[in-house]
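Undergrad: here is a sequence together with a model predicted from it:
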Amino acid sequence: MSTSLPGRDRRAVRHPGTVGAARLETPRHVAVIGGGIAGIAAATVLAEHGVSVTLFEASNRLGGRVAAWPLPGHRTMSRGFHAFFRQYYNLRALLKRADPTLRHLVPVSDYPIQRPDGLRDSFTSLPRTPPWSVMAFVRQSDSFTWKSLTKVNVKAALELMQVHFPGTYDDYDGESAAAFLDRLRFPPDARDLALEVFARSFFADPRNFGAGELVAMFHTYFMGSAEGLLFDVPDDDYDTSLWGPLGDQLQKLGVDVHVGTPVTGLSVDDDGARVTTRYESFAVDAVVLGADPRAARELIAGMTQLPGDSGTWQQQVAATYNAPPFIVVRLWLGGHVHGDRPAFLGTSGYGPLDNVSVLERFEEGAVTWSRAHRGSVVELHAYACPPEVATDPDAAAAVVAQLEEELYRVYPETAALPVVEREVLVHDDCTLIGPEAWQQRPGVTTPSNRLVLAGDWVRCDYPVALMERAATTGFLAANELLGGWGIAGVDVWTVPMKGLLRR
């Protein structure tokens, strides 16, 4: 495996894969449950090393929670905007299997964050190397004044540069992101724009979000990485740009992909494992469980044969929980938003509205629709919605109406534009990393060497989150099985494991 750096940060850390033979000689068959990022990552690495892989995906397409699908009128829909940061080394390594130069990822020049009082922060002109990036942000931001900076808890602020992984996750056991922000005593405007907006991007209210995860995120994206805060986005819908090509790559590797095939049962014992679908049952040597958190909990709760003290482990899995519901509204408008509107705008103080995307700024399908209909394709997100939104259509409709009203405040010209088409998604299937003890969260390994876990809900010792945690744990899950069979695994890369002030 090449040791060349995966990005521009010379302090990026290589974590070597397991040591062993290059390819499997004894036939092995692994079932991968889940066709999202984690499952695709695990299936790819296993197949590359000669393992026979059968992948099961409950929905009718790959991509999991980053999937996209067609709509009438040459339109597409997805679960919402995702940012592909430059420090997502392992996700990018996966995507390069089908797109070696990552030509389907295009840069977003800026993603300003805006409040109704006129405060607006930008990241486009910041140096990428810490601590200069932080100093420049504080200097240029109207959120900080000399008077407000004197109130900051310096000791708490220094914690952001004294991280050490995996220990930092444990250091904040029992503390929420909101409690940490209170202790930090950042100016309220800066808290909203620079920190709380990011916490909500994890689909969480900061009061229910773990401080360790927030501090790790701040290190990964800002204080500890020289990759910068700007990111890339796919140049078309996710299926066209990402999962279609990766699906073709899986096929070339010999992976047997079953979409539209939910797994209904899972068992493991000393001799192997068995995966049951509504159609048939499969005997395999091992299983990678890379399903979404709720589906994974349900399958593990139904397992009756596990070695050792499996009851405690099953209880730990059962104790994980999902984030509150979120809403995505995509509007096809009968006219254009102003030409200077950014591709992505984060918002704070606009009711339930967390961000606005203008899709024809980067997505080819939206460009085509925009030209044909002389209109814009705009997407609105609301994270951490009230629980009733997931089950009460009237509650969801009320939030959708609020989102559109807030859009008119953010981009006033949209109030005069007719809505040609509207698509609404309401889901509550994302993970939430709360303030509970980090070591109590299930990791990649399980009580059985026949079963490994992967996904953004799985504990990982590295400073990774969201899509990057899914890709990383997918690689690590494959490595765990390969190592047990004496086969060399793949390297993974992360941002520095320590903060600038940590020896």
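TA: That came in fine, so what should we check first?
Undergrad: how about the strands in the stretch 1-150 of the chain?
TA: Counting by DSSP state E, counting those that start in this stretch, the stretch 1-150 of the chain has strands at residues 13-15, 29-33, 52-57, 68-71, 75-78, 84-85, 105-108, 113-114, 120-121.
Undergrad: which one of those strands lies closest to residue 316?
TA: Evaluated over the strands of the stretch 1-150 of the chain, closeness to residue 316 peaks at strand 29-33, with 18.9 Å, by CB to CB. Just so you know, the C-beta spots here come from the backbone N, C-alpha and C atoms, and that holds for glycine as well.
Undergrad: now what about the closest one, what contacts it?
TA: 39, 42-43, 46, 51-56, 263, 266, 273, 275, 282, 284-291, 299, 481 (CB atoms under 8 Å, 6 or more residues apart in numbering).
Undergrad: equivalent analysis for stretch 287-294, please.
TA: 30-34, 36, 38-39, 42-43, 46, 58, 64-65, 263, 266, 268, 273, 275, 296, 299-300, 320-322, 429-431, 450-455, 457, 470, 474, 477-478, 481.
Undergrad: endpoints of that stretch, how far apart?
TA: Counting by CA to CA, to the nearest Å, you get 17 Å between the two ends of stretch 287-294.
Undergrad: what are the buried residues along it?
TA: When burial is assessed from 16 or more other CB atoms under 10 Å, stretch 287-294 yields the following buried residues: 287, 288, 289, 290, 291, 292, 293, 294.
Undergrad: from residue 255, how far out is the third one?
TA: Plainly put, residue 289 is 17 Å away from residue 255 if you go by CB to CB, to the nearest Å.
Undergrad: one step back: export the strands of the stretch 1-150 of the chain to TSV and append columns for mean neighbour count.
TA: Compiled in TSV, the strands of the stretch 1-150 of the chain are given as follows (neighbours: other CB atoms under 10 Å):
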stretch	mean neighbour count
strand 13-15	16
strand 29-33	26
strand 52-57	23
strand 68-71	16
strand 75-78	20
strand 84-85	22
strand 105-108	18
strand 113-114	22
strand 120-121	20
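Undergrad: among those, which is nearest residue 327?
TA: Minimum separation from residue 327 across those (CB to CB) falls at strand 75-78, 13.2 Å.
Undergrad: who does that closest one pair up with?
TA: strand 68-71 (antiparallel) (DSSP bridges).
Undergrad: using PDB, list the CA coordinates for the partner strand.
TA: Extracted as PDB, the C-alpha positions of strand 68-71 are listed here (Å, rounded to 0.1, in the frame of the first residue of the first chain):
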ATOM      1  CA  ALA A  68     -30.500   9.400  -5.100                       C
ATOM      2  CA  TRP A  69     -33.400   8.400  -7.300                       C
ATOM      3  CA  PRO A  70     -35.200   9.600 -10.400                       C
ATOM      4  CA  LEU A  71     -38.500  11.500 -10.400                       C
END
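Undergrad: quick one: residues in contact with that strand.
TA: Contacts made with strand 68-71 from outside it, assessed by CB under 8 Å, 6+ apart, are listed as 61, 76, 77, 78, 237, 238, 239, 240, 243, 421, 423.
Undergrad: please name the residues that touch the fifth one.
TA: Residues in contact with residue 237, defined by CB under 8 Å, 6+ apart, are 68, 76, 78, 363, 365.
Undergrad: ok, the fourth one - how many residues close by?
TA: The local packing of residue 363 (other CB atoms under 10 Å) involves 29 other residues.
Undergrad: with adjacent residues omitted, what lies nearest to it?
TA: Nearest-residue entry for residue 363: residue 236, 5.7 Å, with adjacent residues in sequence omitted and distances by CB to CB, 6 or more residues apart in numbering.
Undergrad: count the neighbours of the one you found for me.
TA: Counted by other CB under 10 Å, the residues lying close to residue 236 total 21.
Undergrad: roughly how far does it sit from residue 78?
TA: According to CB to CB, residue 236 and residue 78 sit 11 Å apart.
Undergrad: for residue 265, helix, strand, or coil?
TA: Of the three states, residue 265 takes strand under DSSP: H, G, I helix; E, B strand; the rest coil.
Undergrad: wait, what's in contact with it?
TA: With CB under 8 Å, 6+ apart as the criterion, the residues that contact residue 265 are 274, 275, 276, 281, 299, 302.
Undergrad: having no further points to raise, I will conclude here.
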